[in-house]
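Asker: Below: sequence and its predicted model.
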Amino acid sequence: MKIILLSLLLILTGISGYSTTWTITNSGNTFSPATITITVGDDVNFNLEVIHNAVEVSQATWNANNSTALPGGFQTTFGGGLVPASQLGIGTHYYVCVPHASLGMKGIIIVQSTTDIPGNLFRPDFSVYPNPSKDLVTIKAKSNVVGLNYFIIDQAGRKVFEGKLNSESTPVDISRLAQGFYYLEIAGQSKATVKVIKN
């Protein structure tokens with residue numbers, strides 16, 4: 001019996017060691033911390049006053065202090081709640097408190113890969129603009145990733161488009177993709193991913 005209990009305890013300890021639950025609170029009309037960097041697989045718990053919620057928005061909405069929810073993005077009820085790792089893919093997640101977005105109550109969750117990246121080659125050395133977009137995005141890449149392949153991946157993990165970064169500014173036609181969010185991944189010795197939103 002003691003061996004079974006000890007084995008169960010070791011298994012549970014091992015499982016809990018692979019992920020972390022981060023807590024975000026509010027101080028008045030600000031999130032605390034306003035920006036966190038977590039690892040893929042981690043959860044985020046919002047512990048907020050009942051007049052606040054957290055809703056994922058696009059970067060453009062976030063920059064404008066607006067509150068239009070991102071299709072497929074996470075959201076909590078008023079008072080907060082748990083955002084599971086399944087809703088926090090690799091990349092940057094922008095969020096706001098809907099009633100207080102116009103006052104600048106907003107935050108950022110940066111989700112990094114668990115892969116140890118030698119030389120910080122992929123942290124990521126590219127960006128996508130405009131984002132969101134309806135028909136055309138441009139991948140702006142640093143010279144060290146030019147020549148590598150890129151992939152656009154849907155929410156189910158399927159590659160829906162691929163190409164090669166031929167220069168530091170590579171246009172990509174996304175007009176045939178359905179509305180929603182995708183991941184743009186650049187593959188090389190390792191890989192890095194950013195979220196792309198199709199309007």
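Answerer: Sure, I can see it.
Asker: make it CA atoms for all contacts and neighbour counts henceforth
Answerer: Noted.
Asker: Surely residue 179 is in contact with residue 155?
Answerer: No. With contact defined as Cα atoms under 8 Å, residue 179 does not count as touching residue 155 (11.5 Å).
Asker: Now the element after the one helix or strand in the chain whose mean pLDDT sits lowest, going C-ward?
Answerer: Sorting the helices and strands of the chain by mean pLDDT, DSSP states H and E puts helix 2-16 at the bottom, at a mean of 42. For helix 2-16, the succeeding helix or strand toward the C-terminus, using DSSP states H and E, is strand 21-26.
Asker: Quick check: nearest residue in space to residue 21, chain neighbours excluded?
Answerer: In this structure, residue 21 finds its nearest non-sequential neighbour in residue 43, 4.6 Å apart by Cα to Cα, 6 or more residues apart in numbering.
Asker: Would you check how far apart that neighbour and residue 76 are?
Answerer: Distance, residue 43 to residue 76, using Cα to Cα, to the nearest Å: 13 Å.
Asker: Outline the domain layout of this protein.
Answerer: By the assignment in automatic domain parsing, the chain contains the domains 20-112, 118-198.
Asker: and those domains, which one is worst for confidence?
Answerer: Mean pLDDT per stretch puts domain 118-198 lowest among those, at a mean of 79.
Asker: so how far is it off the chain centroid?
Answerer: Computed by Cα atoms, centre = their mean, to the nearest Å, the chain-centroid distance of domain 118-198 equals 14 Å.
Asker: which residues does residue 146 contact?
Answerer: Residue 146 makes contacts with 165-168, as judged by Cα atoms under 8 Å, 6 or more residues apart in numbering.
Asker: Give the PyMOL command for selecting the buried subset of the residues you listed.
Answerer: Here is the PyMOL command that selects only those of the contacts of residue 146 that count as buried (16 or more other Cα atoms under 10 Å):
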select buried, resi 165+167+168
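Asker: one step back: mind listing the shared neighbours of residue 43 and residue 76?
Answerer: Joint contacts of residue 43 and residue 76 (Cα under 8 Å, 6+ apart) are 82-83.
Asker: what angle sits between whichever strand or helix holds residue 45 and strand 21-26?
Answerer: When secondary structure is defined by DSSP H and E, residue 45 falls within strand 43-47. Strand 43-47 and strand 21-26 are oriented at 30 degrees to each other (axes from the mean of the first three to the mean of the last three Cα atoms, to 10 degrees).
Asker: Parallel or antiparallel, which strands does strand 43-47 pair with?
Answerer: Strand 43-47 has the following sheet partners, assigned by DSSP bridges: strand 21-26 (parallel), strand 80-83 (antiparallel).
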